[in-house]
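Visitor: the following block contains a protein sequence and its predicted model.
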Amino acid sequence: MKLHIAKDSTQLSESLAAWMATYIADVLTTQDRFTLVLSGGSTPKQLYALLAATPYKELIHWEKVHFFWGDERAVPFEDERNNARMCFEALLDKVGVIRENIHVMRTDITPEESAAAYEQVLKSYFSDSETTFDLTLLGMGDDGHTLSLFPGMPVVHEESAWATSFFLPAQDMHRITLTAPVVNKSAAVVFLAAGAGKAETLRQVLQGDLDVDKYPSQIISPENGQLHWFVDEAAAAGLHTK
Ligand SMILES: O=C(O)[C@H](O)[C@@H](O)[C@H](O)[C@H](O)COP(=O)(O)O
């Protein structure tokens, strides 16, 4: 695991945008497409805004990027809480992407249908390959969840489905999410976490005992790929860095 610590959330987004531009360019020297999983939540908005502006807007070969989502809240696309909507507003509407390469988790059908449809999309891309996504971007909630893998929920241990859905009582909504096995086949996974509110959880996730039911982010560990944590100093405050 590689830990990248930035001074504040602005420098954090800047360092990840620069890292992504280099990584995407490197991968595209050996293949024609780049598969990218976007995360929802509030932290990546600043990153997406940077990627949508000069120089990254022009530098990255957006027309070769195929977009996926890590999880979705089962609310209409028009709803402010919809993760895909946030990503369109912050990034996809502003760069030269190809519409057919954008694969949202649908919320105009039932969550079960949506998860099944997503699994089909993923299988058409990846069923023949050892690796899935070139890059999966993830966030970590203050409670240690990632994707929609919430503490204490059976979905954390899903082993066969590539995408699944379930009802999240705490938020009174359904969620659609990728599962740990498909994310752990990514060529690279990057967690982005900022703010003092995540410091204690980050310490537990990275340096505490393994307890994936309590801290589901711990279950993310690419089998053959790279794992990066991009965090700011506030989030890293509890870590032993020596
Ligand atoms: O839909 C979601 O809620 C997410 O995709 C989720 O896994 C998110 O990444 C974390 O909750 C962190 O969110 P923040 O960046 O808002 O803390």
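Guide: Arrived safely, thanks for sending. Numbering: from 1, shown residues only.
Visitor: any buried residues in the helix ranked longest in the chain, and which?
Guide: Longest among the helix segments of the chain by residue count, using DSSP state H, is helix 9-27. For helix 9-27, burial by neighbour count (16 or more other C-beta atoms under 10 Å) applies to 9, 12-13, 15-17, 19-20, 23-24, 27. Every C-beta, even on glycine, is put in place using the N, C-alpha and C of the backbone.
Visitor: what lies in contact with that helix?
Guide: Defining contact as C-beta atoms under 8 Å, 6 or more residues apart in numbering, one finds that helix 9-27 is touched by 4, 6, 34, 36, 43, 46-47, 49-51, 56, 59-61, 65, 134-135, 187-188, 190, 192, 194-195, 228, 230-232.
Visitor: for residue 117, give me its contacts.
Guide: If a contact means C-beta under 8 Å, 6+ apart, then residue 117 has 106, 109 as its contacts.
Visitor: is it in a helix, a strand, or coil?
Guide: Classification of residue 117 using DSSP: H, G, I helix; E, B strand; the rest coil returns helix.
Visitor: how close does it get to the ligand?
Guide: Note on residue 117: its distance to the ligand, by C-beta to the nearest ligand atom, to the nearest Å, is 19 Å.
Visitor: for residue 239, same thing?
Guide: Going from residue 239 to the ligand by C-beta to the nearest ligand atom gives 18 Å.
Visitor: beta partners for residue 231?
Guide: Assessed by DSSP bridges, residue 231 has beta-bridge partners residue 5, residue 193.
Visitor: ok so, going back, which among the buried residues of helix 9-27 gets closest to residue 224?
Guide: Nearest to residue 224 out of the buried residues of helix 9-27 is residue 27 (C-beta to C-beta; 14.8 Å).
Visitor: just the contacts of helix 9-27: which are in strands?
Guide: With DSSP state E as the criterion, strands contain 4, 6, 34, 36, 65, 135, 188, 190, 192, 228, 230-232 from among the contacts of helix 9-27.
Visitor: between the residues you listed, which is nearest the ligand?
Guide: Taking C-beta to the nearest ligand atom as the measure, the ligand sits nearest to residue 192 out of these, at 7.5 Å.
Visitor: related to what we said a few turns ago, just the buried ones out of the contacts of helix 9-27, please.
Guide: 4, 6, 34, 36, 43, 46-47, 50-51, 56, 60, 65, 134-135, 187-188, 190, 192, 194-195, 228, 230-232.
Visitor: so which of those reach the ligand?
Guide: The subset of the buried ones among the contacts of helix 9-27 lying close to the ligand, counting by C-beta under 6 Å from any ligand atom, consists of residue 43.
Visitor: need the residues of this protein near the ligand, please.
Guide: For the chain, the residues in contact with the ligand (C-beta under 6 Å from any ligand atom) are 39-43, 70-71, 73, 83, 139-141, 145-147.
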